[in-house]
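K.L.:
I'll drop the sequence and a predicted model, then ask my questions.
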Amino acid sequence: MSAERTRVVGRWTSIEHVGNSDFEVQQIRLPHDAGRNAVRRLLVDEAEYGGWELMRLRRYRSGVRDAWLRRRIIRQRATLAG
């Protein structure tokens, strides 16, 4: 079994506000020659080690794939009154 590595063409991050929650959204653009297993492995690694969840995956006619990942932004509040 060979270890497939996928090169990422582009990666963008933004903040999205949904109700009372804030999410960090990351868009990843993958080239047309990326294999299905390589894309799956990349997304699994992002989810497992980065805490991301898959929001949307789109494949265009040219074969280029865009994946949108998101994770909740957890804001810490001060608990000590000072």
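P.N.:
Alright, I've got the coordinates.
K.L.:
what kind of secondary structure is Ala47 in?
P.N.:
When classified by DSSP: H, G, I helix; E, B strand; the rest coil, Ala47 comes out as helix.
K.L.:
and it, how far from Val64?
P.N.:
Ala47 sits at a distance of 21 Å from Val64 (criterion: CB to CB, to the nearest Å). From N, CA and C alone the C-beta is placed, and that goes for glycine too.
K.L.:
and if you look at Phe23?
P.N.:
In terms of CB to CB, Phe23 sits 24 Å off from Val64.
K.L.:
what does Val9 give?
P.N.:
8 Å.
K.L.:
quick one: common contacting residues for the two?
P.N.:
Counting by CB atoms under 8 Å, 6 or more residues apart in numbering, the common neighbours of Val9 and Val64 are Arg29, Leu30, Pro31.
K.L.:
isn't the first one up against Arg7?
P.N.:
No - the pair Arg29 / Arg7 is not scored as a contact, 10.5 Å apart, by CB atoms under 8 Å.
K.L.:
okay, those two: which has more neighbours?
P.N.:
Between Arg29 and Arg7, counting by other CB atoms under 10 Å, Arg29 is the more crowded of the two (14 against 10).
K.L.:
the chain: strands as residue ranges?
P.N.:
10-18, 21-30, 53-59, 65-72 (DSSP state E).
K.L.:
could you say what helices and strands the helix or strand of the chain with the lowest mean pLDDT packs with?
P.N.:
When the helices and strands of the chain are compared on mean pLDDT, DSSP states H and E, strand 10-18 comes out lowest with a mean of 87. Applying 3 or more CB pairs under 8 Å, 6 or more residues apart in numbering; DSSP states H and E, one finds that strand 10-18 contacts strand 21-30.
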